[in-house]
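>>> Let me see the structure of the following:
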Amino acid sequence: MQVIDNFLNEEDYTALCDGMLSNSFPWYWGWTKTRDPDKGGGDAHIHNCQLVHPYYRDHEKTGKHWYLIEPIVNKLEASAFIRIKANLTMATPHIIETYMHHDYSSNMEHNIAIYYLNDNDGYTKFESTGEIIRSVGNRILIFDGREKHCGTTHTNQKFRCVINFNYFPTVY
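A predicted model of the protein is given here:
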């Protein structure tokens, strides 16, 4: 696992924030963040939704906003992407963890990079260790995609925005 602060230079970080948080940036309704393995959910169920922006899916770039994430893409050392999407959530009265999950098959060797766009009290948590990585703007978390993990809601900002990269790393 790697946690890298100040991943982008200030110019690229500012351009990314200004572009994704503008009134003209397209966000789409996502009915679920993660699926409940037991079909329950209680309090977490009503908050298990988000706005999403797909950057890459089905083996191709989507939309006209790829240029915003290009500085991240260029630094990731990926041989191929599986999926890239941004997630935007609104504040909740208290922090709620989503369901522990794998983004893809737990048998498929791949990496996940979570880029945190803004500071807030949300976090990413790992099932195997209980380790928590806080949401800090311009931070990236890179880990083995076979690790079960979850995200959370947040309470201290209007929104939490992350960009999730699922990819095959370059092998040297």
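>>> what's the longest strand seen in the chain in contact with?
Ranked by residue count and defined by DSSP state E, the top strand of the chain is strand 78-90. Identification of contacts with strand 78-90 by CB atoms under 8 Å, 6 or more residues apart in numbering yields 20, 27, 30, 33, 50-57, 69, 73, 103-104, 110-111, 117, 122, 151, 153-154, 158-171. For the C-beta atoms, the positions are set from N, CA and C on the backbone; glycine is no exception.
>>> got the CA positions of that strand in CSV?
Below are the C-alpha coordinates for strand 78-90, written out as CSV (Å, rounded to 0.1, in the frame of the first residue of the first chain):
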residue,chain,number,x,y,z
ALA,A,78,-0.7,1.5,-15.6
SER,A,79,-0.4,-0.9,-18.5
ALA,A,80,-4.2,-0.9,-19.0
PHE,A,81,-7.2,0.5,-17.2
ILE,A,82,-10.3,-1.5,-16.2
ARG,A,83,-12.4,1.4,-15.0
ILE,A,84,-12.0,5.0,-13.9
LYS,A,85,-14.9,6.9,-12.2
ALA,A,86,-15.3,9.8,-9.9
ASN,A,87,-17.7,9.6,-6.9
LEU,A,88,-19.3,12.6,-5.3
THR,A,89,-21.3,12.2,-2.0
MET,A,90,-23.1,14.7,0.2
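>>> Pull up the pairing partners for that strand, direction included.
If you go by DSSP bridges, strand 78-90 pairs up with strand 50-57 (antiparallel), strand 159-169 (antiparallel).
>>> Could you report the neighbour count for the spatially closest residue to residue 94 that is not a sequence neighbour?
Closest residue to residue 94 apart from its sequence neighbours, by CB to CB, 6 or more residues apart in numbering: residue 155 at 6.3 Å. The number of residues packed near residue 155 is 15, by other CB atoms under 10 Å.
>>> Can you tell me how far residue 155 is from residue 162?
16 Å (CB to CB, to the nearest Å).
>>> Likewise for residue 11?
Distance from residue 11 to residue 162, by CB to CB: 21 Å.
>>> Which one of these two is surrounded by more residues?
Legend: neighbour count by other CB under 10 Å for residue 11 and residue 162, higher for residue 162 (23 against 9).
>>> Would you agree the more buried one is in contact with residue 113?
No - under the criterion of CB atoms under 8 Å, residue 162 makes no contact with residue 113, lying 10.1 Å away.
>>> so what's the residue nearest to residue 94 up against?
91-95, 121.
>>> Let's see the PyMOL selection covering just the buried ones among these.
To isolate the buried ones among the contacts of residue 155 in PyMOL, judged by 16 or more other CB atoms under 10 Å, type:
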select buried, resi 91+92
